[in-house]
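Participant: With the sequence up front, the predicted model follows.
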Amino acid sequence: MPEDLDSKSTPWMNVGMDWEGVAAALGALLVALLLGALWSPLFWIGFAGVVIALMAARWSHRTPPDLANGIVAPCDGVVVSVGRTEAPSELRLSESSTTRIRIASSPSATNKVYTPIAGSVESLIFEAGENTVPLAARADDDGLARAFLTFESRGQQVGVRLASGGFGPRIDLATEAGDIVRLGRPFGTRRLGGWCDVFVPKEVGLLVWPGQTLVGGETVMGRLKSQGDTDLFDGMTEEDADDEPELQVDDDSRVEAEDEDADEYPSPEDMETPDDPAVILARLREASRRHDD
């Protein structure tokens, strides 16, 4: 459910900072001051470290949607591509053919990563990167720090592959395999942006397109197939369809219906012959009128 903000004095203040990042920024500021004492232009080199540390420490409160079977964006960023591809073996998905949504996050993006679906963490693999690769220019570059996570909900799986530069502690996960997770809740930190690939089943109806800006933990990217959709006709076999009762029409009822539609005019034998000629003429006119109708 969305968070109730009545008790908050500053509901517009939804940005925070990691204490580690704040400490790193203060250390970088101290270095900048020392360098500036030696030579003033060096101060700005140290001050750049302050800015980088603050960007790496920035996070934001998010309100996940109250949506059953929903898939939300795991991070802030821009959709780069959407297409069919084979899922990496590290994810251990039951279906290798999936739809991949590739998301690129800038270094200034918030650092939290969020669970794409409500369910459980089936598997988790982390690969430390190389310190010689500080930036993730491309998602498939060698030496990047990568994390592979598979989430499962009612037999349906969604895989997430995170990638960032290998220099420093860029990816920090706060979950383990077997944990139960809720939709849109933070499960780790990825600092200074990078790449995020989301692998979803082929039959998922997607609501994103290349170029779209996503808000991690809030933007709905699609919906898993509902349990009722798969079980609606599973219990009905072909034999059950053949055993459905057919409409039976009784022959006697058909004859009775035909009799009801028959001409209701009496036969000449059943009619009493009146003595008055005027009555006879009136009855003939009435019979003629009914015949014309």
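Facilitator: Cool, got the structure. All of these numbers come straight from a predicted model, not from anything done at the bench. Numbering: from 1, shown residues only.
Participant: and Val31, what helix or strand is that in?
Facilitator: helix 19-38 (DSSP states H and E).
Participant: do Gly16 as well
Facilitator: Assigned by DSSP H and E, Gly16 falls in strand 15-17.
Participant: which helices and strands sit right next to that strand?
Facilitator: The contact analysis (3 or more C-beta pairs under 8 Å, 6 or more residues apart in numbering; DSSP states H and E) places strand 15-17 against strand 58-60. For the C-beta atoms, the positions are set from N, CA and C on the backbone; glycine is no exception.
Participant: Quick check: next helix or strand after the strand it packs on?
Facilitator: Counting by DSSP H and E, the next helix or strand C-terminal to strand 58-60 is strand 70-72.
Participant: Now tell me what touches the helix or strand just after that following strand from outside.
Facilitator: Heading C-terminal from strand 70-72, the first helix or strand you meet, by DSSP H and E, is strand 77-86. With contact meaning C-beta atoms under 8 Å, 6 or more residues apart in numbering, strand 77-86 is reached by 96-106, 109, 193, 196, 199, 202, 206, 208-214, 216.
Participant: Take the residues you listed and keep only those in strands.
Facilitator: 97-105, 196, 199, 206, 213-214 (DSSP state E).
Participant: Narrow the residues you listed to just the buried residues.
Facilitator: Of the members of the ones in strands among the contacts of strand 77-86, the ones counted as buried by neighbours, 16 or more other C-beta atoms under 10 Å, are 98-105, 196, 199, 214.
Participant: can you pull the buried residues of stretch 79-86?
Facilitator: The neighbour-count check on stretch 79-86 (16+ other C-beta under 10 Å) flags 79, 82 as buried.
Participant: returning to what we had before: in the ones in strands among the contacts of strand 77-86, find the pair that's most separated.
Facilitator: Ser97 and Thr213 (28.0 Å; C-beta to C-beta).
Participant: JSON lines please, covering the ones in strands among the contacts of strand 77-86 and showing pLDDT and distance to Asp76.
Facilitator: Output for these, formatted as JSON lines (pLDDT from 0 to 100; distance: C-beta to C-beta, whole Å):
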{"residue": "Ser97", "pLDDT": "87", "distance to Asp76": "28"}
{"residue": "Thr98", "pLDDT": "94", "distance to Asp76": "23"}
{"residue": "Thr99", "pLDDT": "96", "distance to Asp76": "21"}
{"residue": "Arg100", "pLDDT": "97", "distance to Asp76": "19"}
{"residue": "Ile101", "pLDDT": "97", "distance to Asp76": "14"}
{"residue": "Arg102", "pLDDT": "97", "distance to Asp76": "14"}
{"residue": "Ile103", "pLDDT": "98", "distance to Asp76": "8"}
{"residue": "Ala104", "pLDDT": "97", "distance to Asp76": "10"}
{"residue": "Ser105", "pLDDT": "96", "distance to Asp76": "6"}
{"residue": "Cys196", "pLDDT": "97", "distance to Asp76": "9"}
{"residue": "Phe199", "pLDDT": "97", "distance to Asp76": "19"}
{"residue": "Leu206", "pLDDT": "91", "distance to Asp76": "19"}
{"residue": "Thr213", "pLDDT": "96", "distance to Asp76": "8"}
{"residue": "Leu214", "pLDDT": "97", "distance to Asp76": "7"}
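Participant: nearest to Met17, of the residues you listed?
Facilitator: Ser105 (17.8 Å).
Participant: Any stretches of the protein with poor pLDDT?
Facilitator: For the chain, applying pLDDT under 70 flags the ranges 1-5, 7-8, 11-13, 227-282, 285, 288-293.
Participant: Show me the domain layout of it.
Facilitator: As assigned by automatic domain parsing, the chain contains the domains 15-57, 63-227.
Participant: Kindly check the end-to-end length of the first one for me.
Facilitator: One end of domain 15-57 to the other measures 10 Å (C-alpha to C-alpha, to the nearest Å).
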